[in-house]
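here's a sequence, model it:
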Amino acid sequence: MAGSKRPVTDCKADPERLAVFKECMATYGVEKNAPGSEWPWNCISTRAVAYSCGAVARSGETVKHEHDPGELDRCRRLSAEAARLMEGQDVGMGSESGDPFRPFFVAANVGAAVPAEVTDELIRRAFGGTIYPDAEVVVEPLREEGQWWEQVVADAEDDAELLRPWRALIAWFQGRKDLHGPAFVMIGEDPLGGDNGGCVFPRLAVAITAAGSLVGIGGYVVHT
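This next block holds a predicted model:
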């Protein structure tokens, strides 16, 4: 732990942290036909709650909070910096709605194991089990390649000006010595599977800090 400051243990539910993916919890009234289901027509559980440290869990579940205050500040600062690079830029990627990226982070607890890379398992764990179980989580390197980049380019119609913020974001992540494993994460796509016809899906650009926190930006696409 840096210095002698005590860990932050009193994290509270935070609407700002939830706003990153709140629309992915929308059920559009279908819950009436699926009483008791957390995912009647949505990608993220209706019970999801996000805390000021970025932790995500089901409401009512016990969540461990023991964060180095310096690391928590670092997460807030870096995520805000990344979000500024995409200011005024919609998530796009074929979305039928114009929605922004927001700062996204999940601060690690003191002494937590540090992941070497961003994986499907890491993302599901970071979301506290609130991701629809049948939803695919696609993780790709944050480079100008792969499925995620193809969607960005298609949405921009090869307009270099529209691609400029994305390239700045990639350069920012790749250039930071205090972050590793930068990746783009696509959670869910239509159809989600089973009887779930949800259409709002999280999209993240994240990397890992030396302490094991996830830091970056988050938003969502609407694909019907």
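
residue 131 contacts residue 121, doesn't it?
No. In this structure, residue 131 is not within contact of residue 121 by Cβ atoms under 8 Å, at 11.2 Å. C-beta here means a position set from N, CA and C on the backbone, and glycine is covered the same way.

higher neighbour count, these two?
residue 131 (26 against 11; other Cβ atoms under 10 Å).

for residue 142, see how far away the closest residue to that one other than its chain neighbours is.
Excluding the flanking residues, the one nearest residue 131 by Cβ to Cβ, 6 or more residues apart in numbering is residue 124, at 5.5 Å. Applying Cβ to Cβ, to the nearest Å, the value for residue 124 to residue 142 is 19 Å.

these two: which is more packed in?
residue 142 (25 against 16).

mind listing the strands for the chain?
48-50, 56-58, 102-106, 137-141, 179-187, 200-209, 214-222 (DSSP state E).

could I get those as TSV with mean pLDDT and mean neighbour count?
Compiled in TSV, the strands of the chain are given as follows (pLDDT from 0 to 100; neighbours: other Cβ atoms under 10 Å):
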stretch	mean pLDDT	mean neighbour count
strand 48-50	98	22
strand 56-58	98	19
strand 102-106	98	24
strand 137-141	98	18
strand 179-187	98	22
strand 200-209	98	25
strand 214-222	98	26
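
for these, which one sits closest to residue 35?
Checking the strands of the chain against residue 35 by Cβ to Cβ gives strand 56-58 as the closest, at 17.2 Å.

count of residues packed around residue 53?
Here the count is done by other Cβ under 10 Å, and residue 53 has 26 residues near it.

show me the contacts for it.
Residue 53 makes contact with 8, 11, 65, 67, 72, 75, 106-107, according to Cβ atoms under 8 Å, 6 or more residues apart in numbering.

what would those look like in JSON lines with distance to residue 187?
Compiled in JSON lines, the contacts of residue 53 are given as follows (distance: Cβ to Cβ, whole Å):
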{"residue": "8", "distance to residue 187": "27"}
{"residue": "11", "distance to residue 187": "23"}
{"residue": "65", "distance to residue 187": "24"}
{"residue": "67", "distance to residue 187": "24"}
{"residue": "72", "distance to residue 187": "24"}
{"residue": "75", "distance to residue 187": "20"}
{"residue": "106", "distance to residue 187": "14"}
{"residue": "107", "distance to residue 187": "20"}
